[in-house]
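Novice: Just the structure for this:
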Amino acid sequence: MKIVSSIVVVVLVAVFVQGAQSGPLQDQGRKIGKNMVFPCREWIKANTPITLTVVDVERWCIAAKTTDHPWAATDAIIYGFVTGTEGTSETVDLNLVRRDDNERGGTYTFCYWWGPIGVPQWITIYNSGHYTKPGWHLDEIRVFKLGGQTYSAIQDTWITPSQPVDIELHP
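Specialist: Numbers count the residues shown, from 1 in each chain. Coordinates of the predicted model:
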């Protein structure tokens, strides 16, 4: 991961910062570089300086297709992370806010900002096991960088709460 710069922040009240994002850097009004993110995932105490690191990020998407088998859909929260030639993404949830997703026969796309991961090799998928229908029958998974190569796999397998599934990706 390429570290671009860092910033020191002091807040007046304690806050939990999951992450913050800024637009591209600017040089005399010209946009340069990619979007940046300040990963922290921690509490910032009031009146206590904290240094946040600015890193290069890339926009990646995961498209997941649920099979048309009976009971294939799930109400559970599906999680995943991608392992590439240069690193591993953050674990993300494959759920759209306020939307009934991962339904039978449906394809849903989820996009995230990650530090560079290189060429995707694997995606690990698992689910929370919450709710009344925790099983999920995955048909196909695709991982792609916006404007770039797609890496995919036909899986046709149940993703159960007790067993994470490692899926090898192919161009």
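Novice: Could you pull up the residues touching Leu169?
Specialist: Counting by CB atoms under 8 Å, 6 or more residues apart in numbering, Leu169 makes contact with 82, 120-123, 141, 143, 151-153. Heads up, the C-betas are built off the backbone N, CA and C, glycines and all.
Novice: Now with 6 Å, please.
Specialist: Leu169 makes contact with 120, 143, 151, 153, according to CB atoms under 6 Å, 6 or more residues apart in numbering.
Novice: now swap in Trp114 and tell me
Specialist: Contacts of Trp114 (CB under 6 Å, 6+ apart): 60, 89.
Novice: Tell me the spacing between it and Val57.
Specialist: Distance of Trp114 to Val57, given as CB to CB, to the nearest Å: 6 Å.
Novice: so who does the residue most central in space within the chain touch?
Specialist: For the chain, the residue nearest the mean C-alpha position is Val92 (3.9 Å; CA atoms, centre = their mean). The contact partners of Val92, by CB under 6 Å, 6+ apart, come to Tyr112.
Novice: Tell me what it is bridged to.
Specialist: Beta-bridge partners for Val92, by DSSP bridges, are Gly80.
Novice: Give the helix, strand or coil label for Ser162.
Specialist: coil (DSSP: H, G, I helix; E, B strand; the rest coil).
Novice: Compute the number of surrounding residues for it.
Specialist: 8 (other CB atoms under 10 Å).
Novice: Could you find the closest non-adjacent residue to it?
Specialist: Distance criterion CB to CB, 6 or more residues apart in numbering; nearest residue to Ser162, sequence neighbours excluded, is Gly129 at 7.5 Å.
Novice: same question, Asp68
Specialist: Take Asp68 and drop its neighbours on the chain: the residue closest to it by CB to CB, 6+ apart is Gly105, 4.4 Å away.
Novice: just checking, the one you found touches Pro70?
Specialist: No: using CB atoms under 6 Å, Gly105 is not in contact with Pro70; the gap is 11.1 Å.
Novice: Just give the number of residues close to the residue nearest to Ser162.
Specialist: Gly129, neighbours per other CB under 10 Å, totals 13.
Novice: what's the answer for Thr48, then?
Specialist: 11.
Novice: and this structure, what are its domains?
Specialist: 3-55, 59-168 (automatic domain parsing).
Novice: and the ones you listed, which is most packed in?
Specialist: Among those, domain 59-168 has the highest mean neighbour count (mean count of other CB atoms under 10 Å), at a mean of 17.
Novice: Cool, thanks, signing off.
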